[in-house]
Structure formats: structure tokens, C-alpha cells
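# Quick one: sequence and predicted model below, then my questions.
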Amino acid sequence: MERAGLVVGVGLGAGAFEAGGTRPRQLVGMPPFPGDLLDPARSHGDVLVQVAGDRAGDVRAAVERLLPAVPGWRERWRIEGFRAENREEGGRGLARNPFHFTEGFGNPAGDRETADRALVRAGQGEPDWAVGGSYQVVRIIRFATDLWDKDSVPEQERIIGRRRDGRWLDGAPTDEEPNFAADPKGRLTPLDSHVRLAAPDRREPPPLVRRSYSYDRGDGDTGLVFSCFQRDLARGFEAVQKRLEGEAMAKYLLTTGGGYYFVPPPGDHWIDALVQPY
């Protein structure tokens, strides 16, 4: 929903279906992955509401108006995010994260491929009402920025597997694919670098779409509100997360919260799914 320069998105957690209803097939509470330290007070929730806009003051005012409008709701957790150097290039939304790297290059450039990766299709075993919706993963990831900034820029780039501006370490430009097959021992792009583990075959990118935000709570608590959308959790986020076990960047990251949610398709027919029996 978009109103007065603000965009409001809604996602349903597994708890929204505890009283009954036709739950999306893969919707469960987000499990902890190796290295996670999930704070229950900042994890999960029955309903996820995301409010975005160009001006932080407008977003905060909208959030403060929202809770009184739904008196039956109790706020579980909240976090404010921003997108430094937010821009669009080649149809992709890019931003700079707290590690000083531009991210978003892995997203598709067109609406058709975005929909193919993110939106549930008919015939994939989901309830009829869920077709056209999307599984959303939110991860609150604290970055060890002080430790990271002690490394040289070339070392940081080898940990990520890209230059800070998005170029590939083998010299390929951002809009082309690196030739990992020509570098089987990882001399140019290390085998444990983030991008090489996340997408080892660049011709077959992970079937998900990212839209993340940086955060800064003060007192050194900075990081990323990682968010991605996919039509299949197992093939999307979870497959990538398993490949990332043991990545070189792991010692700089700590996931402390977030959750799994399902973003309903446009319209309001999905509301009936919350009250229908299984």
C-alpha cells in the first residue's frame, strides 16, 4: 500500500495461523542457523509491518499512528533502517552497507525475472490464496565494524569476493558474470568468499530478491536489516544460508533477530485464509 509518499508492507508470521486458517506450506518460525544468537524479544511475530519513505520523520509519525489504530496489537520489536547512497542502476536498487560495499548487484534487473524469483506460482503446492504472494526473510545482523575496518581494503574485497564498487575480482565489470570455472583454486576469488559461496554458479543465481537496510542503534551496534523475498524458502534463502557456513566473513557477523513471514498477494481475498479451517 502506498500513501502520501509512504509505502506500507504487511507480512504474516506463522503465529497468525495458530487459531486456524490455511497456512502457506513453508511458513514456520525462523530457525537459528550456525553462528546465530537470536534474541526472542527481537525475533518472530504474528504480523510484520514495514513502513518506508523518503523522510525518516514521516515514517516515524506513520508508525506512531499505526499502533493506536489496531488496539488489539502489541508491539513485539521494532528497528529503524536506512539505505546509504540509495540509487538505481541498470534496473537494480543499490545501496552502501556498513562495511562500505555496494550491494544489490545480484538482483534481477527486470520485473519479469523479479516476479519469477519472488512470487509464488500456481502448482507449487501452496494454498490457492497464496499464489502471487512471497516468502520474506528478515535477519537483524550486527556487523563488527571496528574489527572489519582494521583489515585492508584488498583483504576486505577478498572476503566479500567483489570490489567495493561491485566489480569482480577477476576484472569482469559489474554487469557481466565472473568466470569462476577459470579460477578453480580461488586464487582470484577465494573459495570461502561471500559471493562465491552464495552463488557459485553465476549463470544460475539464487532464486531470491534482496532489499536490505542498514541500521545504527548507537554504542557500536550497527549492521544490516537483511531482507529477501522468494517463492520457495528452501531453494532461496535457506539454500544460500547453508552454503555460507564457514565463509570468511562469518567472524564479522552476528544475527540477533528477525523472522520468516509471508507477504500476501495484492487484494484482500487472502484475509479469509486466516479464518478458514485447515
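Nice, I can see it. All values reported here derive from a predicted model rather than from experimental measurement.
# what comes up buried for stretch 243-262?
244, 247-249, 252-253, 255-262 (16 or more other C-beta atoms under 10 Å). All C-beta spots, glycine's among them, are computed from the backbone N, C-alpha and C.
# now, which of those residues lie within strands?
Residues of the buried residues of stretch 243-262 located in strands (DSSP state E): 253, 255-262.
# What about the closest residue in space to residue 103 that isn't next to it in sequence, how many residues nearby?
Leaving aside its sequence neighbours, residue 103 sits nearest to residue 97 (C-beta to C-beta, 6 or more residues apart in numbering; 5.4 Å). For residue 97, the number of neighbouring residues by other C-beta atoms under 10 Å comes to 22.
# Report pLDDT for residue 2.
Residue 2 carries a pLDDT value of 54.
# Repeat that for the one 10 residues further on.
Reading off the confidence values, residue 12 has pLDDT 96.
# Provide a list of residues in contact with the closest residue in space to it that isn't next to it in sequence.
Once flanking residues are discounted, residue 12 sits nearest to residue 262: 4.9 Å by C-beta to C-beta, 6+ apart. With contact set as C-beta atoms under 8 Å, 6 or more residues apart in numbering, residue 262 has these partners: 11-12, 24, 27, 130, 133-136.
# same thing but 10 Å
Contacts for residue 262 were tallied using C-beta atoms under 10 Å, 6 or more residues apart in numbering; they are 10-14, 16-17, 23-27, 48, 120, 126, 130, 133-136, 233, 270, 273.
# Sort out which of those are in strands and list them.
10-12, 48, 134-136.
# Buried subset of the residues you listed as a ChimeraX selection?
In ChimeraX, a selection of the buried entries from the ones in strands among the contacts of residue 262 looks like this (16+ other C-beta under 10 Å):
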select :11,12,48,134,135,136
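# Can you pick out the most distant pair from the ones in strands among the contacts of residue 262?
10 and 135 (13.8 Å; C-beta to C-beta).
# which neighbours do those two share?
261-263.
# Residue 142: which of the ones in strands among the buried residues of stretch 243-262 is nearest?
residue 256 (5.7 Å).
# Do you know the pLDDT at that closest one?
On pLDDT, residue 256 comes in at 98.
# all helices for this protein, in order.
Ranges of helices in the chain, per DSSP state H, are 56-69, 111-118, 145-148, 153-160, 194-198, 237-243.
# Show me the contact partners of the fifth one.
When contacts are defined by C-beta under 10 Å, 6+ apart, helix 194-198 is touched by residues 101, 105-106, 159-162, 168-169, 178, 180, 183, 186, 189-191, 202, 205-206, 239-250, 253.
# Of the residues you listed, grab the buried ones for ChimeraX.
The ChimeraX command for the buried members of the contacts of helix 194-198 (criterion: 16+ other C-beta under 10 Å) is given here:
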select :101,105,106,159,160,161,162,168,169,178,180,183,189,190,191,202,206,239,240,241,244,247,248,249,253
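# hmm, back to that, make TSV out of the buried residues of stretch 243-262 and add distance to residue 223.
Putting these into TSV (distance: C-beta to C-beta, whole Å) gives the following:
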residue	distance to residue 223
244	16
247	16
248	18
249	13
252	10
253	8
255	9
256	8
257	10
258	11
259	16
260	19
261	20
262	25
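# and which of these is nearest to residue 36?
Looking across the buried residues of stretch 243-262 and measuring by C-beta to C-beta, the closest to residue 36 is residue 255, at 4.4 Å.
# Nearest spatial neighbour of that closest one, chain-adjacent residues omitted?
Nearest one to residue 255, counting by C-beta to C-beta, 6+ apart, is residue 36 at 4.4 Å.
# residue contacts, that neighbour?
Residue 36 neighbours (C-beta under 10 Å, 6+ apart): 30, 43, 139, 141, 241, 253-258.
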